[in-house]
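**Q** take a look and give me a structure for this.
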Amino acid sequence: MDKNKLILKNVTLLNTLHRYQRNFLVHSFLYYKLNETIIPDEEYDKRCNIMNNIIESCPDFAKTSSYYDLCKPCGETGSGYYIKEYPTEIITRAFHLLYQVKKPNEDFSQFVLRWGYRIST
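**A** Modelled structure (predicted):
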């Protein structure tokens with residue numbers, strides 16, 4: 001495989017891993033911090049399995065991911081229960097997704113405040 005194809009393959013794999021890690025973190029935050037779920041458990045498990053398979057099959061490569069330390073224990077525990085603190089961008093994504101699903105009759109900042117969080121500007 002030539003060098004350019006290998007680079008493209010690695011970039012694609014890292015992008016895929018990041019997507020599944022962000023997804024895992026967003027849905028873990030919703031479930032464990034807000035007691036909300038918007039996807040079935042089976043779908044959550046499927047996504048976690050894909051993420052874990054990438055991490056297990058390419059451990060050195062997976063360590064380059066910015067979410068590696070947060071997501072690696074998921075393979076051992078099968079959940080995100082162990083996460084005590086979530087990155088701000090994950091919390092923001094989670095609230096945006098929940099807001100889209102719930103479609104409340106309030107603006108986004110009021111919606112977030114109702115959960116005890118604030119929007120930082």
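**Q** CA only for contacts and neighbour counts going forward, please
**A** Will do.
**Q** helices or strands next to the longest helix seen in the chain in the packing?
**A** Among the elements of type helix in the chain, defined by DSSP state H, the one spanning the most residues is helix 3-34. Helix 3-34 makes packing contacts with helix 41-57, helix 68-71, helix 88-102 when contacts are defined by 3 or more Cα pairs under 8 Å, 6 or more residues apart in numbering; DSSP states H and E.
**Q** now the closest residue to residue 20 other than its chain neighbours: how far from residue 114?
**A** Leaving aside its sequence neighbours, residue 20 sits nearest to residue 51 (Cα to Cα, 6 or more residues apart in numbering; 5.5 Å). Summarising the geometry, the distance separating residue 51 from residue 114, computed by Cα to Cα, to the nearest Å, is 32 Å.
**Q** which of these two has more neighbours?
**A** residue 51 (25 against 10; other Cα atoms under 10 Å).
**Q** and the pLDDT for the more buried one?
**A** Model confidence at residue 51, expressed as pLDDT, equals 94.
**Q** same thing with residue 58?
**A** Residue 58 carries a pLDDT value of 86.
**Q** residues making contact with stretch 92-99?
**A** Where contact means Cα atoms under 8 Å, 6 or more residues apart in numbering, the residues beyond stretch 92-99 that reach it are 26, 27, 29, 30, 38, 108, 111, 112.
**Q** any buried residues in the longest helix of the chain, and which?
**A** The neighbour-count check on helix 3-34 (16 or more other Cα atoms under 10 Å) flags 13-14, 17-18, 20-30, 32-33 as buried.
**Q** what sits against the nearest residue to residue 75 once chain neighbours are set aside?
**A** Leaving aside its sequence neighbours, residue 75 sits nearest to residue 52 (Cα to Cα, 6+ apart; 5.7 Å). Taking Cα under 8 Å, 6+ apart as the criterion, residue 52 is in contact with 72, 74, 75.
**Q** which ones are touching the first one?
**A** In other words, residue 72. Residues near residue 72 by Cα under 8 Å, 6+ apart: 52, 55.
**Q** if anything else comes up later, I'll come back, but that's it for now.
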